[in-house]
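In: kindly generate the corresponding structure for this input.
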Amino acid sequence: MILKFKDEWTELHAYIEKYERFSLLVKLTAVLVSVLSIGFSISVWIAILFILVLWLQDGIWKTFQKRLETRIFYVEKQIKEQPEDIEGAFQYYSQWENKRQGVVGLVKEYVLNSLKPTVAFPYIALVVITPVALLYGSQ
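Out: Predicted coordinates for the structure are as follows:
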């Protein structure tokens, strides 16, 4: 049986929520790295490097999530315009492949998603707080 757009929407929504949980897990890991770095007096540069890597990883997760959101918007439009038509279902990867911009475009997409306020906020705070705590806590 062919999956209808409504079923596809349900699946996409579930995956979008999963990516949101993964993003939160990455953020919490960054907080843990910061706390452990301060607690064990790890080098400021090592601590910042770990936080920056996690920040980029979060941006990558958000990029994956954004691709799913793009597809879900398409599905919603199809459901609204043609509620009985299922032509075009199962096109997520084809649509993404057709819009792919190469390595530079992919890296740019990751960086731009990393700079969104909801992604960047905790990392900016950790990049500021961790070195301050490490430098002033060791005195």
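In: after the lowest-mean-pLDDT helix or strand in the chain, next one along is what?
Out: Lowest mean confidence among the helices and strands of the chain (mean pLDDT, DSSP states H and E): helix 92-99, at a mean of 75. Of the helices and strands lying after helix 92-99 in sequence (DSSP states H and E), the nearest is helix 102-114.
In: mean confidence for the host helix or strand of residue 75?
Out: Residue 75 is part of helix 44-81, with elements assigned from DSSP H and E. Across helix 44-81, the average pLDDT comes to 91.
In: identify the residue spatially nearest to the residue nearest to the spatial centre of the chain, adjacent ones excluded.
Out: Taking C-alpha atoms, centre = their mean, the centroid of the chain lies closest to residue 62, which sits 1.8 Å from it. Leaving aside its chain neighbours, residue 62 sits nearest to residue 113 (4.2 Å; criterion: C-beta to C-beta, 6 or more residues apart in numbering). Glycine gets a C-beta too; all of them are placed from N, C-alpha and C.
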